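> Below are the sequence and a predicted model for it; my questions follow.
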Amino acid sequence: MPAIAKEKLAQLKRDTTEERLAGMTAPMGAGWASEARAAAQARVRDMGLPHPRDEYWKFTRPETLVEADAPHAALFDGGEPHLFHDRARLHLVFRDGVLDEAASDALALDGIEIERLGKALDTDIHWARDTYGVLEEAGQSPVPRPLAALNTAYATDGVVIRVTGTPAHPVCLTYLHEDETSDAILHHVIRVEKGAEMTLLETGPGAARVNQVMEVDIEDSGRLHHIRAQGRDHERRAVTGTFARLGTESTFKSFTMTVNGVMTRNECVVTLTGDDAVAHVAGVCVGDGKDFHHDDTVFVTHDAVNCESRQVFKKVLRNGATGVFQGKILVKDGAQKTDGYQISQSLLLDDDSQFQAKPELEIYADDVACSHGSTSGAIDETALFYLRSRGVPEAEATDLLVLAFLAEALEEIEDEDIAGEMVDRLSGWLERRAA
Amino acid sequence: MLNIKNLHVKLEEEDKQILKGVDLEVEAGKVHAIMGPNGSGKSTLSYVLSGREGYEVTDGSVHLEGEDVLALEPEERAALGLFLAFQYPVEIPGVGNMTFLRTALNAQRKAKGQEEMSAADFLKLIRAKAKDLKIDADMLKRPVNVGFSGGEKKRNEILQMAVLEPKMCILDETDSGLDVDAMKLVSDGVNALREEGRGFLVITHYQRLLDHIVPDVVHIMAHGKIVKTGGPELALEVERNGYTDIMAEVA
């Protein structure tokens, strides 16, 4: 790019960034928290908010996530309870990004310490202090993630959880969208202590526009299972950033199901820092209509020996929907015996839908096994005919094949019961749409 | 039961006439066999009857118990009672065989205005039928036809037939890829389904299948037409002399 154009772009990004920041006020907090927020704000200014010319924003237009006011998003009532509703759980309800304490369970569960973000930032809880904004900042290199820094600077609510044992139930966060112009910034911090294990469930759209960050720090032999469903609101927009750091022999498994929503950008940054750690990041997405845009941007860094990582993403796109996958595996010098796997696949149900994939491998160790693959395909007409010839109507047969396509990613959910609930809900949604 | 009149079919993509006036009537309770050399149009006939895309009917008609088959979608034909056992059963990764069978059965029941079958009743039904065909629990659990041997795939076709209880069964080269034991098993499965109200159209290249599934009527098809019709002895004639003599005779 010529110098003049480059300077012009930089100026443009500065202007956009200042425009957004001008309308925002940083919530209060203890001294350390204010410092963390100020540092994050400086990071935002330094990087500038995303612009379509940025390398990792070429396939996803960032404007609606960046602009000062959240675009209007109509409310949606699917006429069914949120996922995980009849499961034993510690249940917290957020309305447009604000914890509704009256509608939530008390913040207490054996095996964890849990606080509301505001309270944690007001006091000096050392483990929260050592994590808040720290993993997000670490995840800014080599790829900048300015919307996550913006989140650290301005987050208004969230939970901080320290897992010290093995709680009997999952923690479930339900996000309700009740205001057509709500603009939520949620920030969760989860620290899993040595040998501790927890399941975190998330369900619901959150707000008209959501910016959510989750920082996950897993100590040696700790395990975190993360399963989320991003609601069925057609018009909501979301940018999420998951930043995970894994210690020796620890496990992090994260699964996301996205149905509907006009704009979703799910970033996930995982760093394996201890030997023998395991990280699986997976997702399924079902998109319908030309306004639908779904982007998974994943960055896994192997910085220890004998670690395993898997990225499994499947997207079903119809009626002009767009899917994006940008996935990278970085194997650092010395990260021998790395087992890295990445697959991204799309099922395009018509010619108008499109899938863009940017798989990347960068390897500096010589004794590793890494593989990646990306495919785009249409429904298998032969299989469709076979099903129809047995009496299954075309729409139902298509749904069966769609679910079959998504099955490989859904199998990444370790808990079969939860996986079953997700599959049931998904097939219900597909059926109703077809009807 | 099945009435095919003057059926003319060409490939949609190219201007190639495959069927050039097929006339055939299969009565309820009877087994008709169609034999013929490669390229005679046997498989095309089965595909057209089941409603596969890619073929254009340029003339003629097909009726099943008076219903115009050609006007119907494949799933409607199935609900009407038409069943095609595929020459090459399709593998469907990710769809369990049981799920597939239950979905198909309930879709057909729904189309006929019947109650869907409960999971428990279905399990009972499928276990009984599978046992006769020596299909084990593992085969029922696996994805449809994925990793099945040639024989297993064909047995799975017959299992579907047994569960769906169609009125008119078309078997397209069901003997291809089967060893003697598998052929016996598959034939026993088919013979068990022979009854008053059900018609069969068995398409085969070789006579050997007809030793096991003994037909009432044998047709010889060549160049897109039925050129000769007779009893089981016609199949034996083919076995002895090949198609050349018959072709010369009707030419």
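Nice, thanks for sending it over. Residues are numbered from 1 along each chain as shown, chains lettered A, B, ... in the order given.

> what about whatever residue of chain B ends up closest to chain A, how many neighbours?
Residue of chain B nearest chain A, by CB to the nearest CB: B:Gly94 (2.7 Å). The C-beta positions use only the backbone N, C-alpha and C, and glycine is treated the same way. By the criterion of other CB atoms under 10 Å in any protein chain shown, B:Gly94 has 20 neighbours.

> How about residues contacting stretch A:16-29?
Stretch A:16-29 has contacts (CB atoms under 8 Å, 6 or more residues apart in numbering or on different chains) with A:34, A:36-38, A:41, A:44-45, A:48-49, A:51, A:66-69, A:118, A:121-122, A:146, A:150, A:153-156.

> quick one, phi/psi of the residue of the stretch 201-350 of chain A found nearest chain B?
Ranked by CB to the nearest CB, the top residue of the stretch 201-350 of chain A for proximity to chain B is A:Lys314, at 10.4 Å. Taking degrees, to the nearest 10, you get phi -130, psi 130 for the backbone angles of A:Lys314.

> Name the spans of chain B whose pLDDT lies under the cut-off.
Chain B contains residues with pLDDT under 70 at B:251.

> So which bits of it are right by chain A?
B:50-53, B:73-75, B:77-79, B:83-84, B:86, B:89-95, B:99-100, B:103-105, B:107-108, B:111, B:143, B:160, B:164 (CB under 8 Å from any CB of the partner chain).

> hmm, back to that, quick one, what contacts the residue of chain B closest to chain A?
So B:Gly94 contacts A:401, A:403-408, B:143 (CB under 8 Å, 6+ apart).

> 10 Å - rerun?
A:383, A:400-408, A:410-411, B:143-144, B:146 (CB atoms under 10 Å, 6 or more residues apart in numbering or on different chains).

> residue of the stretch 1-150 of chain A with the smallest distance to chain B?
Closest point on the stretch 1-150 of chain A to chain B, by CB to the nearest CB, is A:Asp86, at 20.1 Å.

> ok, now how distant is that residue from A:Glu421?
9 Å (CB to CB, to the nearest Å).

> Who has more neighbours out of the two?
A:Glu421 (20 against 8).

> give the contact list for that one.
A:Glu421 neighbours (CB under 10 Å, 6+ apart): A:83-87, A:201, A:227, A:229, A:413, A:415.

> which of those residues has the most neighbours?
Highest count within the contacts of A:Glu421 by other CB under 10 Å belongs to A:Ile227, 27 neighbours.

> so what's that one bridging to?
On the basis of DSSP bridges, A:Ile227 takes part in beta bridges with A:Leu201, A:Phe255.

> where do the strands sit along chain B?
B:2-11, B:17-26, B:31-35, B:55-64, B:67-68, B:82-85, B:92-96, B:143-144, B:168-172, B:199-204, B:217-222, B:225-230 (DSSP state E).

> let me fix that: the stretch 101-250 of chain A
With strands called from DSSP state E, counting those that start in this stretch, the stretch 101-250 of chain A shows them at A:112-116, A:159-163, A:171-176, A:183-192, A:197-203, A:209-218, A:223-229, A:237-246.

> can you tell which of those strands is closest to B:Cys169?
strand A:223-229 (44.3 Å; CB to CB).

> Tell me which residues of that closest one come out buried.
A:223-229 (16 or more other CB atoms under 10 Å in any protein chain shown).

> Ok, stretch A:354-361 next?
Result for stretch A:354-361 [16+ other CB under 10 Å]: buried residues A:355-359.

> Also stretch B:15-25?
Buried residues in stretch B:15-25 (16+ other CB under 10 Å): B:18-20, B:22, B:24.

> residues in contact with it?
B:1-11, B:32, B:34, B:39-45, B:47-48, B:55-60, B:62-63, B:199, B:201, B:217, B:219, B:221, B:223-226, B:229.

> State the phi and psi torsions of the residue of the stretch 1-150 of chain A closest to chain B.
Dihedral angles for A:Asp86 - degrees, to the nearest 10 - are phi -110, psi 30.

> My guess is A:Ile125 contacts A:Arg116. True?
No: at 11.5 Å, A:Ile125 and A:Arg116 do not qualify as touching, with contact defined as CB atoms under 10 Å.

> which residues do those two both contact?
Contacts common to A:Ile125 and A:Arg116, judged by CB under 10 Å, 6+ apart, are A:Val160.

> So if I had to pick from those two, which one is more boxed in?
Taking other CB under 10 Å, A:Ile125 and A:Arg116 do not tie; A:Ile125 has more neighbours (20 against 17).

> Tell me how far that one lies from B:Val26.
Per CB to CB, A:Ile125 is found 81 Å from B:Val26.

> which of the residues of chain B next to chain A are buried?
B:50-52, B:74-75, B:77-79, B:83-84, B:86, B:89-95, B:99-100, B:103-105, B:107-108, B:143, B:160, B:164.

> can you name the farthest residue from the center of chain A?
Largest separation from the mean C-alpha position in chain A: A:Ser389, at 40.1 Å (CA atoms, centre = their mean).

> how many neighbours does residue 134 have?
Just so you know, I chose chain A. The number of residues near A:Val134, taken as other CB under 10 Å, comes to 17.

> my bad, the chain I had in mind was chain B
With other CB under 10 Å as criterion, B:Lys134 counts 15.

> and if you look at the one 4 residues further on?
The number of residues packed around B:Asp138, counting by other CB under 10 Å, is 8.

> what does the one 10 residues further on give?
B:Phe148 has 19 neighbours, counted by other CB under 10 Å.
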